[in-house]
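K.L.:
Generate a structure from the sequence data that follows.
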Amino acid sequence: MRSLLFVLSLICFCSQSVLSWKKEEFRSCEQTPFCKRARSRTPGACSLIVGDVSITDGDLVAKLLPKTPDQSDGDQIKPLILSLSVYTDGIVRLRIDEDHSLNPPKKRFRVPDVVVSEFDEKKIWLQKVATETISGDISPSSVVYVSDGYEAVVRHEPFEVFVREKSGDRRRVVSLNSHGLFDFEQLGKKTDGDNWEEKFRTHTDSRPSGPQSISFDVSFYDSSFLYGIPEHATSFALKPTKGPGVEESEPYRLFNLDVFEYDHESPFGLYGSIPFMVSHGKSGKTSGFFWLNAAEMQIDVLANGWDAESGITLPASQSRIDTLWMSEAGIVDTFFFVGPEPKDVVKQYASVTGTSAMPQLFATGYHQCRWNYKDEEDVAQVDSKFDEHDIPYDVLWLDIEHTDGKRYFTWDNVLFPHPEEMQNKLAAKGRRMVTIVDPHIKRDDSYFLHKEATQMGYYVKDSSGKDFDGWCWPGSSSYIDMLSPEIREWWGGRFSYKNYVGSTPSLYIWNDMNEPSVFNGPEVTMPRDALHVGGVEHREVHNAYGYYFHMATSDGLVMREEGKDRPFVLSRAIFPGTQRYGAIWTGDNTAEWEHLRVSIPMVLTLGLTGITFSGADIGGFFGNPEPELLVRWYQVGAYYPFFRGHAHHDTKRREPWLFGERNTELMRDAIHTRYTLLPYFYTLFREANVTGVPVLRPLWMEFPQDEATFSNDEAFMVGNGLLVQGVYTKGTTHASVYLPGKESWYDLRNGKTYVGGKTHKMDAPEESIPAFQRAGTIIPRKDRFRRSSSQMDNDPYTLVVALNGTREAEGELYIDDGKSFEFKRGSYIHRRFVFSNGILTSTNLASPQASLSSECLIDRIILLGHASGPKSALVEPSNQKAEVEMGPLRMGGLAASSGTKVLTIRKPGVRVDQDWTVKIL
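P.N.:
Numbering: from 1, shown residues only. Sure, this is the predicted structure:
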C-alpha cells in the first residue's frame, strides 16, 4: 500500500510538471505571517534608540534599547547588541543579535562557512568614535572611519545606520532604518495558551521557538535602478513591488524551492537565494547591500512616493530607492559596499563570500545532457554522432535512470554493466562524463549508503527527533544533514574510487534537487521545524542546505584526486559562496521564446551576485522546441558561461543532428563559435577567479555612465571585449542593437565597423546573432576545430586586434594546464598584448615565480580597423619578417562565408609564453 501511495503521488507530481507550476501550492506574502506583519508596519514604527556606545575589539559596539521602557513584565523588549565593523576597500559590517548575557531561550543561528577566512584579515581596528549632532536630533550620533572617502554614522535617536561620503555635501550611499521599519521579534518561552503553530494547506509548522522574524528598510542613494537578489525569472532591473502604480503587490521571494516550468516575469523565488542587492545611478556610481541569512526572505522594492505621508525627511538633493527586507529568522548580519564603480562593488562582495572557483578547461566547453541516455549503447551512439557531424563537445551526462533503482553511487547493471569502460572510451577522445547525485537517500535497509547514514545518525531529523522521511525520486527518502562539517567530510569520502564503484578520474558530479526537494513536503520542500545538528531548525538554515551539499560534493572530488585536480560539480540550489564550489544552471525552464529571453537577465543577475559559472538549459528543459528556437538558443547559449543542452524525458530527442542538414549546420556553427573563443573565455574565468568580476556582464558594468544601458537586459558583454545581442522572437531577421561608448564596434561576422553611442538596425539572418568586438580590445582565439577542448591544447592561437580611434588596442591571455591546482603555485602563463604606434607587444603579467612554459605559437594576427597596404611585418627579437595579407576573419564555418577579407599577419612564429614585438612595415 505504501509503495502504491508513492506511485500515485509521483504520478500526480509528474503530471503537474508536464503542465505548469501551480501557484496555489506555494505561499504568498499574505499567507506568510512574518511577511504580512512586516508589510503592515508604518514608517516610524521602530521605537529603539542607541545607547552604551563603546569601541570593543576594534568594533563599535552599542545596545539597542526601547525609547520608553515598558513597566509591565509581559512584552518587555530586551536590549539588543549592535556591532559595527569596518574592513578595507570600503566595506561596513553591521550585526544585531539578542543579548546572550540575558539568557535567551536559545542562540539564534549564525550562518557558518560562507564568509571566507581571509576577510577577517581585512578588518580595520577602530580606535575611536567621533560624535556629531545631526540637525533636528536631541542626542549626538556616532561617526567612524570607513576609508579615505567614506564614513559610517550610527544615529542614536531615532536609530539609523548609514554610510556617507566625507567630502562636499557628504552625500549618503546606503542607509538602514531611515524609515523606522526595523523590527526584531525576540525569542520567547512557550507558556500555556500560546499557539505558535502555522498552517499551510495540509501542513502544520510547530514553530517551537515562536515568532522570530526580522525586518528593516534599506535605502540606496543617487540610485536609478536596483539589481540582484536572485533567483527569479524576471527583468534584470528590479521592478517596484509595492507602492503607487504597483498593480500586483508581491515581494521578491528568496526561498529555495523546486519550481518546475516556472513563470517568467515573476518575483516568485526559484532554486536559489542570494540576498545581495546592487544599486546604480546616473552619476555612474554603484553601491551594494548584502544580508547573510539562510532563512526565508522577502524583499520589497518600494515605488516612488510610497512614503508620501510618513513625515520622515531624507536628503532631497539625492534620488533614492527604498527597499524593505524581511526574514523569518536568523540575525542581522549585513554588509554595506560603497563601490563606487560597478566592478568595485562585485570585488567587495567577492572579498566577503569568495571568488569563483577556477574551472577545468573542459568544463568551459559544450555539455550534452538528457533525462536520460538509456544505456551504454545510447551513450556510444550519441558520442559517435558528434564526431560524424563534426560537432565538438566535452561532457556527456547521465541523469537518475543510470542508477540501480535511484540509489546514488550505483549503476544499473543491465543498462550500464561496464561503467568504467564506457567512461574510458570517452576519455580517450578527451571527453568526460557527469553523473547525478542528489541529497535524498533511498530508505532501503539493503542499501549501503542508507544503512551507514542511519547507523551514524547522519540524517536530518523531523520535529520529534526521528530521521526525517520524505518522498522523492526513490520513494521514501531521508536527507543527509549537511550543516555538520563532520557529516560533510563523511559525504565527501563517498566519492572515492573505493566507495563509488565504477567511477573513474574522468567522472564528475551533478547535484540536483538540493533545495531540498521533498515531493510531499510543504511547498515541495522540507518542513521548517525539521531539526539539524545542534538543534538548528530547518527554517534557519533552509536556503543554505543546497550550498552545504554542493560544498561537500566538491570537497569530495578534491579528496578523490588527493588535492591534485580541480573538481566539477553542477548545483541547482544556490547561496552566497556557491561560486567557490562549481557551476549552476537556471533550472527547469521551458521551450518557449520568452524563456530564452529571460535566461539573459537571469544569468546576468547571477554573475553580478558572484556566481559567474551559470547558464540555462539550451532549448528548454520542458517541451519540444521548434528548430528555429533551438538554433537561436544555441547561438545565444554559446556565450553563456555554462553551455549545456538538456531535456526532460518526455520530450523528443533533440541532439543537434536531428533537425535536418541546414539546422545541424547552424547549430554546429554556434558550437564552433564557442570553441573558437575558449581561450578568451578561459582568460575571463581566471579574471573572475582572481577578482570576482563576472564573465558575462551587463552593459553598464563597462559603460557605467551610459543611461541607455541601465535597463538593457537583452544584450550583454562577454568580458570587456565582446557585445552580444540575442534574437528572442520567432521569424526575426533584424535586430535593433544599442552599441554604447564613444569608440567603434566591429561585427564579428564580417569586420564591418559601427559607431558607438547609438542604436543600429542590424541584419540577424538565421546563420548568426549580432555580436561585436569593442574597438581597443584584443581577443585571443583558437581556429582549428577538434573533437573536444583537450585536443586543442597544442593548437596555435589567433589574436584579433580591434583598433580604436587612436589606432591602439590591448588584451590578455591566460593559460595553465587546464585541470590541476598547480596554477596556485605559479604554474601558469599570463600575457598582456598591446598594439600602439603600429607595434604589437607581448609582455608578462604573471608573477616572477610563474613557471609554466608552452610551445604554442601565434599563428595569425588579425587587424580590424587597419588600412590595407602593408605587405610585411618585422618580428623581434628574432629579426624575422612575417607576411601580411588580406585574409578571412573566420576560418571555416558559416560566419566565414561572407568572403570578408581583413588585414592579417600570417605565421609570425612567436610563442605565447615569450616577450616579443611585431611591427607593421
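K.L.:
can you give me the offset of stretch 585-600 from its chain's centre?
P.N.:
Distance of stretch 585-600 from its chain centroid, counting by Cα atoms, centre = their mean, to the nearest Å, is 16 Å.
K.L.:
for stretch 233-241, that is, sorry about that
P.N.:
On Cα atoms, centre = their mean, the centre of stretch 233-241 falls 17 Å from that of its chain.
K.L.:
what's in contact with it?
P.N.:
225-229, 246, 249-252, 262-267, 270, 277, 299-304, 586, 589, 595, 598, 600-602, 604-605, 698, 710-711, 713 (Cβ atoms under 8 Å, 6 or more residues apart in numbering). No exception for glycine: its C-beta is placed from N, CA and C like everyone else's.
K.L.:
Can you list the buried residues in that stretch?
P.N.:
Within stretch 233-241, the residues that count as buried by 16 or more other Cβ atoms under 10 Å are 233, 234, 235, 236, 237, 238, 240, 241.
K.L.:
farthest-separated two in those?
P.N.:
Using Cβ to Cβ, the pair of the buried residues of stretch 233-241 lying farthest apart is 233 and 240, separated by 17.7 Å.
K.L.:
all helices of the stretch 351-500 of the chain, in order?
P.N.:
Applying DSSP state H, counting those that start in this stretch to the stretch 351-500 of the chain gives helices spanning 376-388, 419-427, 448-456, 485-493.
K.L.:
Dump the ones you listed to a markdown table, plus mean neighbour count, distance to residue 402 and mean pLDDT.
P.N.:
Output for the helices of the stretch 351-500 of the chain, formatted as a markdown table (neighbours: other Cβ atoms under 10 Å; distance: least, Cβ to Cβ, whole Å; pLDDT from 0 to 100):
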| stretch | mean neighbour count | distance to residue 402 | mean pLDDT |
| --- | --- | --- | --- |
| helix 376-388 | 16 | 9 | 98 |
| helix 419-427 | 18 | 8 | 98 |
| helix 448-456 | 15 | 16 | 98 |
| helix 485-493 | 18 | 20 | 98 |
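K.L.:
I'd like those as JSON lines, with distance to residue 136 appended.
P.N.:
Formatted as JSON lines, the helices of the stretch 351-500 of the chain follow (distance: least, Cβ to Cβ, whole Å):
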{"stretch": "helix 376-388", "distance to residue 136": "71"}
{"stretch": "helix 419-427", "distance to residue 136": "71"}
{"stretch": "helix 448-456", "distance to residue 136": "61"}
{"stretch": "helix 485-493", "distance to residue 136": "50"}
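K.L.:
What residues are bridge-paired with residue 322?
P.N.:
residue 219, residue 302 (DSSP bridges).
K.L.:
Per-residue pLDDT of it, please?
P.N.:
For residue 322, the model assigns a pLDDT of 98.
K.L.:
so it sits right up against residue 179, yeah?
P.N.:
Yes: the criterion here is Cβ atoms under 8 Å, and residue 322 meets it with residue 179 at 6.6 Å.
K.L.:
what do those two both touch?
P.N.:
Common neighbours of residue 322 and residue 179 (Cβ under 8 Å, 6+ apart) are 217, 219, 307.
K.L.:
Out of those residues, which is nearest to residue 917?
P.N.:
Residue 917 lies nearest to residue 219 out of those, by Cβ to Cβ, at 52.9 Å.
K.L.:
neighbours of that closest one, just the number please.
P.N.:
Using other Cβ atoms under 10 Å, the number of residues around residue 219 comes to 25.
K.L.:
measure it to residue 64 for me?
P.N.:
19 Å (Cβ to Cβ, to the nearest Å).
K.L.:
Same check on residue 253?
P.N.:
28 Å.
K.L.:
Strands of the stretch 301-450 of the chain, residue ranges please.
P.N.:
All strands of the stretch 301-450 of the chain, identified by DSSP state E, counting those that start in this stretch, fall at 320-327, 332-337, 366-368, 395-398, 432-436, 440-442.
K.L.:
Now render those strands as TSV, adding mean neighbour count and distance to residue 94.
P.N.:
Formatted as TSV, these follow (neighbours: other Cβ atoms under 10 Å; distance: least, Cβ to Cβ, whole Å):
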stretch	mean neighbour count	distance to residue 94
strand 320-327	24	12
strand 332-337	24	5
strand 366-368	25	41
strand 395-398	24	43
strand 432-436	23	40
strand 440-442	24	37
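K.L.:
possible to save those as JSON lines with distance to residue 162?
P.N.:
As requested, the strands of the stretch 301-450 of the chain are exported to JSON lines (distance: least, Cβ to Cβ, whole Å):
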{"stretch": "strand 320-327", "distance to residue 162": "11"}
{"stretch": "strand 332-337", "distance to residue 162": "8"}
{"stretch": "strand 366-368", "distance to residue 162": "46"}
{"stretch": "strand 395-398", "distance to residue 162": "48"}
{"stretch": "strand 432-436", "distance to residue 162": "47"}
{"stretch": "strand 440-442", "distance to residue 162": "45"}
